[in-house]
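> Pasting the sequence and the predicted model now:
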Protein chains: 2
Amino acid sequence: MSDPSEDIMRATFLALCERGYADVTMRDIAEQADRSKASLHYHYESKHGLMLAFLDHLFERFTDRVGSFDPAADDPDEFLRAFVDDVLHPPDDGDDSVRQFRTAVLEIKAQAPYDEAFRERLARFDDHITENVSAAVAAGIEAGVYRESVDPEAVAQFVLTLADGAQSRHVVAGDDPDAAMAAFEAHVDSHLLAGPEGRP
Amino acid sequence: MSDPSEDIMRATFLALCERGYADVTMRDIAEQADRSKASLHYHYESKHGLMLAFLDHLFERFTDRVGSFDPAADDPDEFLRAFVDDVLHPPDDGDDSVRQFRTAVLEIKAQAPYDEAFRERLARFDDHITENVSAAVAAGIEAGVYRESVDPEAVAQFVLTLADGAQSRHVVAGDDPDAAMAAFEAHVDSHLLAGPEGRP
C-alpha cells in the first residue's frame, strides 16, 4: 500500500491546480485522493493544516531538486549558475499544470501578510536560496573567481527578486523564465567575475 | 459635491487594504464610501465590474505618475532610470497601507489566468512599461548613448520581471525595492551604456 501522506500530497497538488487556493476544499482534496472526507480529516485537522503540511512537502522537493552548495565538491561559479537556473525554472516547465500550480502558490503568497505560519513556511524557501547563493558567491570570492567588492547578500537578494518576478510573469502573462536567467548570467559576467571577463 | 466615482474608487482602495480582494464585498465598499449598497449597485453592477473600473482608475493614476517618454524633450538615459525608479517604487512607500494594497493586487494577479478581463487590464500596465522602456532604449541607441547590440524588448522584459519581483518581495517579506533598482542601474551601466563606462 502506498504512503497515505504521499497520496494526499499528490491529491492536494492536483486539486490546487484545478480549483486554486481560495476555492479548494477538503472535499475536493478527499475526492482527488479517493478517500472519504473523514479519513482526510483523520490525517489533517483543517484545510489550513493540510496546506502547511503541503508547503513542508514542497520545500523538501524543492531542496532535493535545486540542491545545496558543497564547498568541498562544487565549483562556485558552476554551482551558482546551475542553482539559479533550477530556482528560476519550475520542474516540468511547458506543462499547463505548472502555470496552474504557480497560480495557486501566488494566491498563498498573497495570504502571507495575514498568516504567520504561511509566512514562516515561505521564508524557508527564501532562506535556502539566500544561504546557498551567499555561500557560493563567498566561496567564489575566496577562490579569486569573483571580485572582492561583491556583496554575497546583495546577489542573493537579486536572485530572490528575479525568482519572484519570473513566477509572477509566468502566472500573469505566461512568460517563460529564460529572460530572467539571461539577465542573471549577464549580471554574473559583468559584476561578479574577476579578471579579463569582468570589469575592474 | 464630490465626484461619486472618485469617492467610490477611494473607498474601494481602503476596503481592499482592509479586507483583501477575496474577502471584500460590495457592502464593505458601500460602507467605506458612506453609501447604501443599492446606490453602489446603481453605479456598478457587481464586485467584478467595480474591480475592473478600479483597475482602469489605477492605470490612469499609474500612467500619470510614471509618465511617458517624449523623444523631443526627454534625455533617454535620464528618462529610463527615473521611469524604472518610479515603476519599482510604489507611491507613499513606507506607509503600511501600501503593502496591504499590493497584497490585494497580488491576489488579483493570481486571478488573471482564470479571468480574461483582469488579464487584459493587467496587460495594459505591462504594455505601458514595455512601450516606454523600449522607446527610451531605442532612442538611447539612436543617440549613441547605448550600444547598437542592445535589444530594447529584452530590457523591457527585464524591467517587468524586476517590477513583479519587487512587488512580490514587498508583500511576502516586506523587502523594499532599492535592491531591485540597484540591480537595474548596474545592468544599465554595464550592458547598455556605450563608451568608456560600458563594456565593449
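Yep, that arrived. Residues are numbered from 1 along each chain as shown, chains lettered A, B, ... in the order given.
> Residue A:27: what's its closest spatial neighbour, skipping adjacent residues?
Distances taken as CB to CB, 6 or more residues apart in numbering or on different chains put residue A:37 closest to residue A:27, at 5.5 Å, once the chain neighbours are dropped. Using the backbone N, CA and C atoms, a C-beta is placed for each residue, glycine as well.
> Hmm, residue A:44 and that neighbour touching each other?
No. Taking CB atoms under 8 Å as the definition, residue A:37 is not a contact partner of residue A:44, at 10.9 Å.
> what about the two, which has more around it?
For residue A:37 against residue A:44, the residue with the higher neighbour count under other CB atoms under 10 Å in any protein chain shown is residue A:44, and the figures read 19 against 14.
> In this structure the more buried one contacts residue A:5, no?
No. Distance between residue A:44 and residue A:5: 9.2 Å, which falls outside the contact criterion (CB under 8 Å).
> which helices and strands sit right next to the longest helix anywhere in chain A?
When chain A is scanned for its longest helix (criterion: DSSP state H), the result is helix A:116-142. For helix A:116-142, the packing partners by 3 or more CB pairs under 8 Å, 6 or more residues apart in numbering or on different chains; DSSP states H and E come out as helix A:47-66, helix A:76-88, helix A:96-111, helix A:152-173, helix B:152-173.
> Just name the shakiest helix or strand of chain A by mean pLDDT.
Of all the helices and strands that make up chain A, helix A:96-111 has the lowest average by mean pLDDT, DSSP states H and E, namely a mean of 86.
> ok, and for that helix, which residues are buried?
By neighbour count, and taking 16 or more other CB atoms under 10 Å in any protein chain shown as the criterion, the buried residues in helix A:96-111 are A:98-111.
> try stretch A:12-28
For stretch A:12-28, burial by neighbour count (16+ other CB under 10 Å) applies to A:12-17, A:19-22, A:24, A:26, A:28.
> Check stretch A:164-180 too.
Buried residues in stretch A:164-180, counting neighbours by 16+ other CB under 10 Å, are found at A:164-173, A:175, A:177, A:179-180.
> Give me the contact list for stretch A:86-102.
Here stretch A:86-102 makes contact (CB atoms under 8 Å, 6 or more residues apart in numbering or on different chains) with A:13, A:16-18, A:65-67, A:129, A:159, A:162-163, A:166-167, A:170-171, A:174, A:176-177, A:180-181, A:184, B:113.
> Could you check how far stretch A:20-37 is from the centre of its chain?
A distance of 24 Å separates the centroid of the chain from that of stretch A:20-37, by CA atoms, centre = their mean, to the nearest Å.
> Check stretch A:50-68 too.
The chain centroid and the centroid of stretch A:50-68 are separated by 8 Å under CA atoms, centre = their mean.
> mean confidence for that stretch?
Here stretch A:50-68 scores 95 as its mean pLDDT.
> near chain B, anything from that stretch?
No. Stretch A:50-68 is not in contact with chain B by CB under 8 Å from any CB of the partner chain; minimum separation 12.8 Å.
> Measure how buried residue A:48 is and give me the count.
Under the criterion other CB under 10 Å, the count of neighbours that residue A:48 has is 13.
> whoops, I mixed them up, residue A:116
Here the neighbour count serves as a burial measure; for residue A:116 (other CB under 10 Å) it reads 9.
> same thing with residue A:182?
The local packing count at residue A:182 equals 13, with neighbours defined by other CB under 10 Å.
> what about it, distance to residue A:32?
For residue A:182, the distance to residue A:32 equals 38 Å [CB to CB, to the nearest Å].
> show me the contacts for the residue of chain A found nearest chain B.
When CB to the nearest CB is the measure, chain A has its nearest residue to chain B at residue A:165, with 2.7 Å between them. By CB under 8 Å, 6+ apart, the contact set of residue A:165 is A:180, B:160, B:161, B:162, B:163, B:164, B:165, B:166, B:168.
> Now it: closest residue in space that isn't a chain neighbour?
Among residues not flanking residue A:165 along the chain, residue B:165 sits closest, at 2.7 Å (CB to CB, 6+ apart).
> got a pLDDT number for the one you found?
95.
> In chain A, where is pLDDT below threshold?
A:1-2, A:93-95, A:196-200 (pLDDT under 70).
> if I look at residue A:44 and residue A:5, which residues touch both of them?
residue A:53.
> that older thread, can you lay out the buried residues of stretch A:164-180 as JSON lines showing distance to residue A:189?
JSON lines is the format used below for those (distance: CB to CB, whole Å):
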{"residue": "A:164", "distance to residue A:189": "23"}
{"residue": "A:165", "distance to residue A:189": "20"}
{"residue": "A:166", "distance to residue A:189": "19"}
{"residue": "A:167", "distance to residue A:189": "24"}
{"residue": "A:168", "distance to residue A:189": "25"}
{"residue": "A:169", "distance to residue A:189": "23"}
{"residue": "A:170", "distance to residue A:189": "25"}
{"residue": "A:171", "distance to residue A:189": "29"}
{"residue": "A:172", "distance to residue A:189": "29"}
{"residue": "A:173", "distance to residue A:189": "27"}
{"residue": "A:175", "distance to residue A:189": "23"}
{"residue": "A:177", "distance to residue A:189": "18"}
{"residue": "A:179", "distance to residue A:189": "16"}
{"residue": "A:180", "distance to residue A:189": "15"}
